[in-house]
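Enquirer: what's the 3D shape of this:
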Amino acid sequence: MDNTNQKKALINSEISLFLRGLIIGKVLTLMVIGGLLWWLLKPNLLSRNSVNSSSNQSFKTVSNTASSFQTVADVPTASFNYGGSTAWASIRQLVDSQIQSDRPELQLRYVDPVNASPGSSSGIRMLLDGKLDFAQSSRPLTDEEQAMAKARGFTLEQRQVGMDGIAVVVNPSLNVPGLTVDQLQQIYLGKITNWNQVGGPNLPITPLSQRPEDADTVIFPSNSDLKGQALGSNVQYVYSTTEAVRQLSKIPGGVYYGSARSVVPQCSVKALPLGQTAGQLIPPYREPMVSPEQCPRQRNQLNTEAIKNGSYPIIANLFVIIKQNKGREQQIGDAYTQLLLTDQGQRAIEQAGFVSVD
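Expert: Numbering: from 1, shown residues only. Just a heads-up that it's a prediction; the model follows:
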C-alpha cells in the first residue's frame, strides 16, 4: 500500500473513532440528564402515588363501611301488609320500591283502611286490629293506643326513621305575615275567628282539618294542656290533604295544617311562616318563596335546615310502629326499620323530600 492510501485509511479510522466517541458521549449525556430529572421529580411522583393510594384506600373504606339494603340481615321472605300516614306517600313510592328491587324476597303491600280516612291514626288502629303487619306514622303513639295494645297482650314500639315539619297553608290571595303556634291552636279551638285578629284582612277564618281520630299530624302535643279539647264549631272536616288543598283554592279565608313535605310544594296554596313568637317566624320553605305564577316550573322546597336544627317550631317525626309480640309482625317491623336506617335508606328518605335522622 502506498503512502497516500495509508494516510486515507488512517484518516477514515480516526473519523470513525471520533464519530463513535461522539455518539457514546451523547448517549451518556442523555443518561445523566435523564437520571438527574428522575431524581428531581422522584419526591413529587412518590407524593402523587401516595395521595392516589390514600384516596383509593379512603374510597374503599367508605364503600366498605356504608350500609345498604343488601347489608341488612334477617329480612323475612314473605308478603306483608302495611299502611298508615299519607305523609309517607313519597317514601312508599321512592324508597319502598328501591327496597323491593334490591331485596325481592320481601314483598310489601299497602292496605287502605275501610270506612276511614288513611292516616297515622287509622294505620295504628289497623295494626292493633291485626290488619297490618306494621304501620307508618308521622306522629308519636298516644297513651290510649299503648293501653289498647297492652289490653290485647302486646306492646307497640315507635322507631324514628326521618323528620318532617307541620306546615300551615292558606289561599294564595290571603295577605298575612305568619302565625305563632299559639295563634294556630286558638284558630282551631274557635277562639280566633277572623284574620284581622292576627294581622290579616277583615275576613272570616275557615279552618280545614282531618277528624282528630283520623289525623295524620297533630298541633296539640300529648303534653299540652290543650290536648283533648274539642275543635271549634267552624272547623270543616276533610277526608285527606289532597281534598284540603283543593278546597283552599276556592276559600279565600281557608287554612289547613299538614305534612310540610306534602303541602309546601303545592302550586294552589301558600305556606305561612310559623314561630313561637311573632318576632321569630320561620318559613317551612327555602327562601326566597316561589310565587304561584312561577309554579309548576319551579316549586317551593322544604326548609330542611330549619327542621333539622330545631328552629322550625312544629316538627313531625316519622315513625315505624312495630308490634312487639315476638312473631312475624315484629320481625318484619324490625327489618323494615333497619332497612330505612341504613345509609342507603337515609339517602333515599332525603331524596323523597324528608330530613334524615343521621
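Enquirer: drop to CA atoms for contacts and neighbour counts, all remaining ones
Expert: Noted.
Enquirer: Name the spans of this structure whose pLDDT lies under the cut-off.
Expert: The chain contains residues with pLDDT under 70 at 1-65, 222-228.
Enquirer: from the chain's centre, how far out does the strand of greatest length in it sit?
Expert: Using DSSP state E, we find that the single longest strand of the chain is strand 155-170. Mean-position distance between strand 155-170 and its chain equals 12 Å (CA atoms, centre = their mean, to the nearest Å).
Enquirer: elements contacting it?
Expert: With contacts taken as 3 or more CA pairs under 8 Å, 6 or more residues apart in numbering; DSSP states H and E, strand 155-170 sits against helix 143-151, strand 254-259, helix 260-263, strand 270-272, helix 304-309, strand 315-324, helix 328-340, helix 343-351.
Enquirer: Dump those to TSV, plus distance to residue 186 and mean neighbour count.
Expert: Formatted as TSV, the helices and strands packed on strand 155-170 follow (distance: least, CA to CA, whole Å; neighbours: other CA atoms under 10 Å):
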stretch	distance to residue 186	mean neighbour count
helix 143-151	24	13
strand 254-259	13	25
helix 260-263	20	25
strand 270-272	16	25
helix 304-309	23	17
strand 315-324	19	24
helix 328-340	36	21
helix 343-351	33	19
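Enquirer: Now those in a markdown table, please, with extra columns for distance to residue 133.
Expert: Converted to a markdown table, the helices and strands packed on strand 155-170 look like this (distance: least, CA to CA, whole Å):
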| stretch | distance to residue 133 |
| --- | --- |
| helix 143-151 | 14 |
| strand 254-259 | 24 |
| helix 260-263 | 25 |
| strand 270-272 | 35 |
| helix 304-309 | 30 |
| strand 315-324 | 8 |
| helix 328-340 | 5 |
| helix 343-351 | 20 |
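Enquirer: Which one, of these, ends up nearest to residue 107?
Expert: The closest of the helices and strands packed on strand 155-170 to residue 107 is helix 328-340. By CA to CA, the value is 10.6 Å.
Enquirer: quick one: the closest one to strand 315-324, angle?
Expert: Here the directions of helix 328-340 and strand 315-324 differ by 140 degrees (axes from the mean of the first three to the mean of the last three CA atoms, to 10 degrees).
Enquirer: list the helices and strands helix 328-340 packs on?
Expert: Under the contact definition 3+ CA pairs under 8 Å, 6+ apart, helix 328-340 sits against strand 134-137, strand 155-170, strand 315-324, helix 343-351.
Enquirer: Now the shortest one: buried residues?
Expert: By that I understand strand 134-137. Neighbour-count burial for strand 134-137 flags 134-137 (criterion: 16 or more other CA atoms under 10 Å).
Enquirer: which residues sit against that strand?
Expert: Residues from elsewhere that reach strand 134-137 (CA atoms under 8 Å, 6 or more residues apart in numbering): 81-85, 88, 119-121, 123-124, 127, 216, 318-323, 329-330, 332-333.
Enquirer: Can you list the strands that that strand pairs with?
Expert: According to DSSP bridges, strand 134-137 has the following sheet partners: strand 78-84 (parallel), strand 315-324 (antiparallel).
Enquirer: Ok, which of the ones you listed comes nearest residue 357?
Expert: Using CA to CA, the nearest of these to residue 357 is strand 315-324, at 9.4 Å.
Enquirer: residue ranges of the helices in this structure, please?
Expert: Assigned by DSSP state H, the helices in the chain fall at 3-65, 89-102, 120-128, 143-151, 181-188, 241-248, 260-263, 304-309, 328-340, 343-351.
Enquirer: Is there a neighbour count for residue 229? I'd like the number.
Expert: 9 (other CA atoms under 10 Å).
Enquirer: hmm, I was thinking of residue 214
Expert: Counted with other CA under 10 Å, residue 214 comes out at 20.
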